[in-house]
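Chemist: Next comes the sequence, and after it the predicted model I'd like to discuss.
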Amino acid sequence: MKRKTIIATGCIIAFLGIVSCSVHTETCQEIDANKMLKYCDTQIRQTLSQLGNDSCLLPRSIPNDSQKWGTINAYDWTSGFWPGILWYDYQNTGDEFIKSQASRYTEYLTVLLQPEHQGDHDLGFQFLCSFVNGYRLTGNDAYKKIALAGADKLARFYHPKVGTICSWAHMREKMGWPHNTIMDNMMNLELLFWAAKNGGNKAYYDMAESHARVTMEHQFRKDYTSYHVAIYDTVNGNFIKGVTNQGCSDESFWARGQAWAIYGYTMVYRETGDKTFLDFAEKITDVYLERLPADYIPYWDFDAPGIPHEPKDASAAAIVASGLLELSQLENDPQKSKTYFMAAEKMLASLSSESYKSGDNKPAFLLHSTGNYPAGYEIDAAINYADYYYIEALTRYKKITSN
Ligand code: GLY
């Protein structure tokens with residue numbers, strides 16, 4: 001009897017061992033978020049010392065063969081990302097020095113409100129990452145007022161006949177595109193949603209929702225891959241055609257464009273609660289996940305002719321990882337939630353590996369992003385927006401896993 005019990009117990013232990021092993025295999029990508037956030041903090045402090053105390057220039061990118069940040073002023077489309085990185089670091093460390101740097105760089109962006117600065121859809125990235133993050137963490141009312149004024153400026157590009165924001169007004173003459181909307185613009189709807197519920201014009205909610213619906217209708221192919229740019233007629237509001245600016249060709253599947261869409265439609269579902277957007281976010285995610293290489297970091301364009309010898313785009317992976325962490329939390333279906341969470345975890349694990357970390361080599365967090373391949377610009381570089389969405393994703397991951 002006793003022997004039988006011992007054998008049975010042994011079998012149960014062995015069985016549990018196998019189960020726990022397979023569970024472990026499923027979650028073996030688990031990331032030490034605290035360790036990676038500490039790594040980010042170290043890189044940030046190196047960047048600050050490289051920039052110097054009185055610099056009003058912000059870091060944008062580091063070419064593959066350099067260790068030094070190329071810098072920009074507040075008018076560059078990426079200017080919000082560095083203050084945003086500092087705000088996330090402050091959120092994670094509570095360090096007053098980092099907070100003072102986040103405030104300093106955020107406040108440089110006030111010049112974007114000058115009437116002589118026209119701006120474009122990127123005002124969304126610029127004000128959201130800097131002032132909205134700053135307001136979220138400090139409650140500083142001045143930041144809220146500035147961000148609301150930024151939303152007013154962004155909303156001026158909304159075209160009621162088309163129902164979307166014109167992303168690049170300057171392309172009207174340069175390219176002959178009467179009204180153009182780029183996929184990246186999905187991200188900037190968040191500033192309009194935020195303004196509508198924080199004392200700004202309530203009509204901004206409707207504008208943002210309309211933009212998302214019109215884009216959903218026209219800017220995706222039947223297989224749910226996206227066009228970078230949609231061109232519309234301003235007289236009748238009709239869609240004319242889809243083209244590219246930063247992808248391989250008009251019909252190719254540009255990785256970061258889809259990344260902006262995945263993150264953007266997840267955010268639109270969070271803001272509206274409309275299941276149409278959830279369903280759409282899933283479909284555009286699934287086609288992206290199906291085409292990923294083994295390490296879950298896409299090539300800069302899924303249709304680039306030289307794959308597997310094409311540059312990767314770590315920025316797209318960081319954007320998608322952050323978006324999917326949110327999507328996994330918004331899902332009611334446990335299986336879908338798990339699928340998206342685990343995909344995000346794999347992306348973060350790759351980005352956090354020696355293959356993608358800058359480490360001691362450069363003060364950025366991540367290597368191997370591609371900014372604008374057709375223009376020959378920022379190819380296989382460290383880029384500030386990759387770092388921004390990486391630290392945001394780590395912060396989200398830490399919150400989810402600690403719960
Ligand atoms: N928003 C510009 C880009 O993704 O390159």
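Modeler: Received, thanks.
Chemist: Spatially nearest residue to the residue of the stretch 201-350 of the chain found nearest the ligand (excluding sequence neighbours)?
Modeler: Using C-beta to the nearest ligand atom, the closest approach of the stretch 201-350 of the chain to the ligand is made by residue 256 at 4.9 Å. In this view, the C-beta of every residue, glycine as well, is placed from N, C-alpha and C. Leaving aside its sequence neighbours, residue 256 sits nearest to residue 316 (C-beta to C-beta, 6 or more residues apart in numbering; 4.4 Å).
Chemist: residues near residue 34, how many?
Modeler: Neighbour count for residue 34, taken as other C-beta atoms under 10 Å: 12.
Chemist: Actually, residue 120.
Modeler: Number of residues near residue 120 (other C-beta under 10 Å) recorded here: 20.
Chemist: which ones are touching the nearest residue to residue 387 once chain neighbours are set aside?
Modeler: In this structure, residue 387 finds its nearest non-sequential neighbour in residue 365, 4.4 Å apart by C-beta to C-beta, 6+ apart. Going by C-beta atoms under 8 Å, 6 or more residues apart in numbering, residue 365 touches 39-40, 43, 357-358, 382, 386-387, 390-391.
Chemist: show me what contacts the closest residue to the ligand within the chain?
Modeler: Residue nearest to the ligand within the chain: residue 184 (3.6 Å; C-beta to the nearest ligand atom). Going by C-beta under 8 Å, 6+ apart, residue 184 touches 121-122, 167, 256-257, 260.
Chemist: separation between it and residue 57?
Modeler: Per C-beta to C-beta, to the nearest Å, residue 184 is found 23 Å from residue 57.
Chemist: Also residue 302?
Modeler: Plainly put, residue 302 is 35 Å away from residue 57 if you go by C-beta to C-beta.
Chemist: Neighbour count for the two, which is higher?
Modeler: Set residue 302 next to residue 57 and count neighbours by other C-beta under 10 Å: residue 302 wins out with 22 against 18.
Chemist: Just the pLDDT at the nearest residue to that one once chain neighbours are set aside, thanks.
Modeler: With sequence-adjacent residues excluded and distances taken as C-beta to C-beta, 6+ apart, residue 302 is closest to residue 253, at 3.9 Å. Per-residue confidence (pLDDT) for residue 253: 98.
Chemist: One more: residue 29?
Modeler: Residue 29 is given a pLDDT of 73.
Chemist: Tell me if it really is in a strand.
Modeler: No: assessed with DSSP: H, G, I helix; E, B strand; the rest coil, residue 29 is coil; it does not lie in a strand.
Chemist: Am I right that it is in contact with residue 342?
Modeler: Yes: between residue 29 and residue 342 there is a contact under C-beta atoms under 8 Å: 7.3 Å.
Chemist: what's the nearest residue to the residue minimising distance to the centre of the chain if we skip its chain neighbours?
Modeler: Compute the mean C-alpha point of the chain, and by C-alpha atoms, centre = their mean the closest residue is residue 319, 3.2 Å away. The shortest distance from residue 319 to any non-neighbouring residue, by C-beta to C-beta, 6+ apart, is to residue 259 (4.0 Å).
Chemist: Just give me the neighbour total for residue 117.
Modeler: 12.
Chemist: My read is that it contacts residue 74, right?
Modeler: No: Residue 117 is beyond contact range of residue 74, at 9.2 Å (criterion: C-beta under 8 Å).
Chemist: shared neighbours of the two, anything?
Modeler: Common contacts of residue 117 and residue 74, defined by C-beta under 8 Å, 6+ apart, comprise residue 111.
Chemist: Tell me the bridge partners for residue 357.
Modeler: Beta-bridge partners for residue 357, by DSSP bridges, are residue 366.
Chemist: ok now do it, which residues does it touch?
Modeler: The contact partners of residue 357, by C-beta under 8 Å, 6+ apart, come to 39, 351, 365-367.
Chemist: Just put the residues you listed in TSV and tack on pLDDT and distance to the ligand.
Modeler: Output for the contacts of residue 357, formatted as TSV (pLDDT from 0 to 100; distance: C-beta to the nearest ligand atom, whole Å):
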residue	pLDDT	distance to the ligand
39	98	25
351	98	17
365	98	18
366	98	15
367	98	17
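Chemist: With respect to residue 212, which of those is nearest?
Modeler: Among those, residue 351 lies closest to residue 212 (C-beta to C-beta), at 27.6 Å.
Chemist: For that closest one, which residues are in contact?
Modeler: Here residue 351 is in contact with 297, 314, 317-318, 321, 357, 366, 390 (C-beta under 8 Å, 6+ apart).
Chemist: Can you flag the buried ones in the residues you listed?
Modeler: Using 16 or more other C-beta atoms under 10 Å as the burial test, the contacts of residue 351 include 297, 314, 317-318, 321, 357, 366, 390 as buried.
Chemist: Out of these, list just those in helices.
Modeler: Cross-referencing the buried ones among the contacts of residue 351 against helices under DSSP state H gives 314, 317-318, 321, 390.
Chemist: Which of the helices or strands spans the nearest residue to residue 269 once chain neighbours are set aside?
Modeler: Spatial nearest neighbour of residue 269, excluding adjacent residues (C-beta to C-beta, 6+ apart): residue 277 at 4.0 Å. Assigned by DSSP states H and E, residue 277 belongs to helix 275-290.
Chemist: Give me the buried positions along that helix.
Modeler: Residues of helix 275-290 classed as buried by neighbour count (16+ other C-beta under 10 Å): 277-278, 280-282, 284-285, 287-289.
Chemist: export the residues you listed to TSV and tack on distance to the ligand?
Modeler: Converted to TSV, those look like this (distance: C-beta to the nearest ligand atom, whole Å):
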residue	distance to the ligand
277	21
278	24
280	20
281	19
282	23
284	16
285	18
287	19
288	15
289	20
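Chemist: just to revisit the earlier point, same list as before, the contacts of residue 184 that is, but in TSV and with secondary structure included.
Modeler: Listed next are those as TSV, based on three-state DSSP:
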residue	secondary structure
121	coil
122	coil
167	coil
256	helix
257	helix
260	helix
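Chemist: Need the buried ones from these selected in PyMOL.
Modeler: A single PyMOL command selects the buried members of the contacts of residue 184 (16+ other C-beta under 10 Å):
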select buried, resi 121+122+167+256+257+260
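Chemist: Sketch out the low-pLDDT regions of the stretch 151-300 of the chain for me.
Modeler: Scanning the stretch 151-300 of the chain for pLDDT under 70 picks out no residues.
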